[in-house]
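Asker: A structural model of the following input is requested.
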Amino acid sequence: MDRTTRGQAIVFGIVLVLIGTVYLLLEIIPERLLEIDLARYGWPVFVMAPGLVLIAVGGAVEDASGLCLPGTVVLVAGFVLLVQNTFDLFATWSYAWALVAPGSVGLGMWLQGLVVGDAGLRAAGARTMRIGFVVFLLAAVFFEGIVHVSGRNFGFIGRVLLPFLIIGIGVFLMVRRTMPAGR
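Answerer: As a prediction, this is how the structure comes out:
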């Protein structure tokens, strides 16, 4: 059995195990616990599921490792939608996009580098993930702390501590750039 056929068998096996597990849980769990409005709260799972399948195929079949990238984008977008839908925070798209791109793109690159054994791709993916996370944090500070897009009040922390934290990070970055490279 060659590597591609073995990888396809593993992916098919994973899909069957997941389907069987869901089927078994639906049979075991009492009906009153299943009275959750899936149309209202569970729909992001249907966005996440194809992403998981793409990641599984990309991880199991080296020739299809490129599927890790779109898989992570779809998965992370679905996860962001799940959080936003659960807590009614759709205004956070003003900065959550940074988790999807470039953040999840970096995650996909890193996973693909892991599958094919490419250290350079893993390093580039890690850098891209960090950039996405930093952009997310900075935009979250701006859109939540200054613009208040989601209408949440962060009290003393948002009014006083957050600005001091931003000033401190700015001073640190300026001082760090003026120091010699050896330090």
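Asker: which ones are touching residue 54?
Answerer: Contact analysis of residue 54 by C-beta atoms under 8 Å, 6 or more residues apart in numbering lists 67-68, 70-71, 74. For the C-beta atoms, the positions are set from N, CA and C on the backbone; glycine is no exception.
Asker: Widest-spaced pair of the residues you listed?
Answerer: The two members of the contacts of residue 54 with the most space between them (C-beta to C-beta) are 68 and 74, at 11.0 Å.
Asker: ok so, going back, name the nearest of the contacts of residue 54 relative to residue 111.
Answerer: Lowest distance from residue 111 to the contacts of residue 54 (C-beta to C-beta) belongs to residue 68, with 4.1 Å.
Asker: average pLDDT for the host helix or strand of that closest one?
Answerer: Secondary structure from DSSP states H and E places residue 68 in helix 68-87. For helix 68-87, mean pLDDT rounds to 94.
Asker: what comes up buried for that helix?
Answerer: 68-82, 84 (16 or more other C-beta atoms under 10 Å).
Asker: how about residue 109, what does it touch?
Answerer: With contacts defined as C-beta under 8 Å, 6+ apart, residue 109 is in contact with 69, 121-122, 124-125, 128.
Asker: Need the contacts of residue 54 in JSON lines (columns: distance to residue 55).
Answerer: Shown next, in JSON lines, are the contacts of residue 54 (distance: C-beta to C-beta, whole Å):
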{"residue": "67", "distance to residue 55": "7"}
{"residue": "68", "distance to residue 55": "6"}
{"residue": "70", "distance to residue 55": "9"}
{"residue": "71", "distance to residue 55": "4"}
{"residue": "74", "distance to residue 55": "9"}
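Asker: Out of those residues, the closest to residue 167 would be?
Answerer: residue 74 (38.1 Å).
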